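*Asks:* Next input, structure requested:
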Amino acid sequence: MDMGKTIIITEEQSLSLLYEEGQNENKISLTADQYIKLLKMVSGDGDMINKIPKFKGKEIVVNGRVDLRNTKTTSLGVVTINGSVDLDGSKFNKKTEANVNGYLSYYNTPLHKYEKRQEFLREIAEQNSKRESGEWDADGTLDMIGLCANALFKYLIYSEYEEKTPEDSQRLQELYAEKERREEIETETEDDENLIELRAIDAEIEEIEGRIDVYDLVYDGKHYDLLTFKLIKGDDFSIEKWAVGDEDDTERTAQEAAEQYIDDVGAENLSEWLIKDNIDEEEFRDYFRDGEEEYVRENLEDFFDEDDFEYDTEVQDRIDEIEEMLEDSENLSQEQYDELNEELDELKNNEKTVPEDLIERKVEEMLDDKSYDIIGTCRDYGIELSQFVNEDELAQGMVDADGFGHTINSYNGNEDDIVFDEETYYIFQIEG
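*Replies:* Take a look at the predicted model:
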């Protein structure tokens, strides 16, 4: 399709140029600032831009990041925006037809609040459906979500909330009917006794609505291998969120959380006692072994005394043999004697070396020195300590030392457990 000529509006040009007679090109390009100014001219209603005669039917392209935070913007209009759009805190109230080639954010706007409300109502409807079918009834056949929901519900009843009963629903209907009747009376008369009754009704309604059943818990995804739940309180969700799992799920979650923490902060930044307990010292020694041995062999004189140097075993055996023969020289002819001495001189001209066992012992001594403070050695040599640490065992060491709560729950470090259906479930409040 022929898109026609593109008009580029520069900073020096006034927006009034966009309205000039005779301008009939198919595309108009705006900078982000020009678009924002144009939105102000139409009181934040971007849909009005497309109704301006000189814009009507034309493709509008905005280039750059559009910052409309805390403005009166209600819509963006039919535009293409090559950049991110930030509408947080604005009056944005309808799904945009704009094509945003970037990140679009509209937190704390009427549209955001509407979408949250719709989500809440959908959750309410879904939980009511579960309640009617008895899907999570404690005496039914429960899947893992149902088991964890019941375990959490049991915990919340023990620790903080009152349990909602079937009679409560009937009582609420009666109270709301009575409240409506008395509010009509209140509009017609100023009866103190009636006002007192209204306050008592409101107090009882608040008390009953503060009670919960298992269907007031809404499954909200996973935290590692644990299942998470939020709580319906009145006409909104509570700010609290809980993670729940059986012992196997909790152990796996703790291990994964510890491994993630180690990846984030680096093994070398953990407590030294924990690192030392989980360093593979043999792997550390092997890392340095070849280099230390090579250094010792190249500098034998620096590491050993003269008495430590010996001839090769075969040479030494022949020297010992000749010296023994020379000690019994009376049985030798002069010629034999001279030949043996000559051979002995030649043998003693052979190079002496240090026995292998002494070299190995010296290398082990040097490795002992380096292993005395493995963390310090790694720091001195600029070596990643993590390559000598068994991170699985290190993570398990963290869990063993800190417990599930501190490992899994970054919110407050607490953990609770409760038995449901003869199984122990661990509970963590991870938000709130």
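*Asks:* D320: how many residues sit nearby?
*Replies:* By the criterion of other C-beta atoms under 10 Å, D320 has 11 neighbours. Every residue, glycine included, has its C-beta placed from N, CA and C.
*Asks:* Next SSE downstream of the one helix or strand it maps to?
*Replies:* Element membership of D320, judged by DSSP states H and E, is helix 313-327. Going down the chain from helix 313-327, the next helix or strand is helix 334-348, by DSSP H and E.
*Asks:* by contact count, what packs against that following helix?
*Replies:* The helices and strands touching helix 334-348, judged by 3 or more C-beta pairs under 8 Å, 6 or more residues apart in numbering; DSSP states H and E, are helix 313-327.
*Asks:* Please name every helix or strand in contact with the helix it packs on.
*Replies:* Packing partners of helix 313-327 (3+ C-beta pairs under 8 Å, 6+ apart): helix 334-348.
*Asks:* mean confidence for the helix it packs on?
*Replies:* If you average the pLDDT over helix 334-348, you get 79.
*Asks:* Show me what counts as buried in that helix.
*Replies:* Using 16 or more other C-beta atoms under 10 Å as the test for burial, helix 334-348 gives 340, 344, 347.
*Asks:* just stretch 128-139 next, same as before
*Replies:* For stretch 128-139, by 16+ other C-beta under 10 Å, it's 130-131, 135-138.
*Asks:* cool, stretch 61-68 as well?
*Replies:* Buried residues in stretch 61-68, counted by 16+ other C-beta under 10 Å: 61-64, 66-68.
*Asks:* got it, and stretch 273-284?
*Replies:* Result for stretch 273-284 [16+ other C-beta under 10 Å]: buried residues 274-275, 278-279, 284.
*Asks:* Between the two ends of that stretch, what distance do you get?
*Replies:* Stretch 273-284 has an end-to-end distance of 17 Å (C-alpha to C-alpha, to the nearest Å).
*Asks:* could you give the mean pLDDT of that stretch?
*Replies:* 81.
*Asks:* mind checking how far that stretch is from the chain centre?
*Replies:* Distance of stretch 273-284 from its chain centroid, counting by C-alpha atoms, centre = their mean, to the nearest Å, is 26 Å.
*Asks:* circling back to that earlier point, and the buried residues of stretch 61-68, which of them are in helices?
*Replies:* Among the buried residues of stretch 61-68, no member is found in helices (DSSP state H).
*Asks:* what separates the residue nearest the centre of the chain from E251, distance-wise?
*Replies:* Per C-alpha atoms, centre = their mean, the C-alpha nearest to the average position across the chain is that of Q260, at 7.0 Å. Distance, Q260 to E251, by C-beta to C-beta, to the nearest Å: 15 Å.
*Asks:* ditto for E323
*Replies:* For E323, the distance to E251 - C-beta to C-beta - is 72 Å.
*Asks:* Please identify which of these two sits among more neighbours.
*Replies:* E251 (16 against 11).
*Asks:* The more buried one: what's it in contact with?
*Replies:* V399 (C-beta atoms under 8 Å, 6 or more residues apart in numbering).
*Asks:* Next up, phi/psi of it, please.
*Replies:* phi -60, psi -40 (degrees, to the nearest 10).
*Asks:* Repeat that for S238.
*Replies:* Phi and psi for S238, reported as degrees, to the nearest 10, are phi -70, psi 160.
*Asks:* Kindly state the pLDDT recorded for it?
*Replies:* Model confidence at S238, expressed as pLDDT, equals 74.
*Asks:* Can you tell me, leaving aside adjacent residues, what's nearest to it?
*Replies:* L231 (4.2 Å; C-beta to C-beta, 6 or more residues apart in numbering).
*Asks:* Could you list the residues in contact with stretch 289-300?
*Replies:* Contacts of stretch 289-300 (C-beta under 8 Å, 6+ apart): 303, 309, 353-354, 359, 362-363, 366-367.
*Asks:* N128 against Y215, yeah?
*Replies:* Yes - the pair N128 / Y215 is scored as a contact, 7.4 Å apart, by C-beta atoms under 8 Å.
*Asks:* For the helix holding D320, list every residue counted as buried.
*Replies:* Judged by neighbour count using 16+ other C-beta under 10 Å, the buried positions of helix 313-327 are 315, 318-319, 322.
*Asks:* need the contact list for L340.
*Replies:* Contacts for L340 (C-beta under 8 Å, 6+ apart) come out as 322, 325-326, 332.
*Asks:* Ok, L385 next?
*Replies:* Shown in contact with L385 (C-beta under 8 Å, 6+ apart): 266-268, 275, 279, 374-375, 378.
*Asks:* what does D280 give?
*Replies:* By C-beta under 8 Å, 6+ apart, the contact list for D280 reads 388-390.
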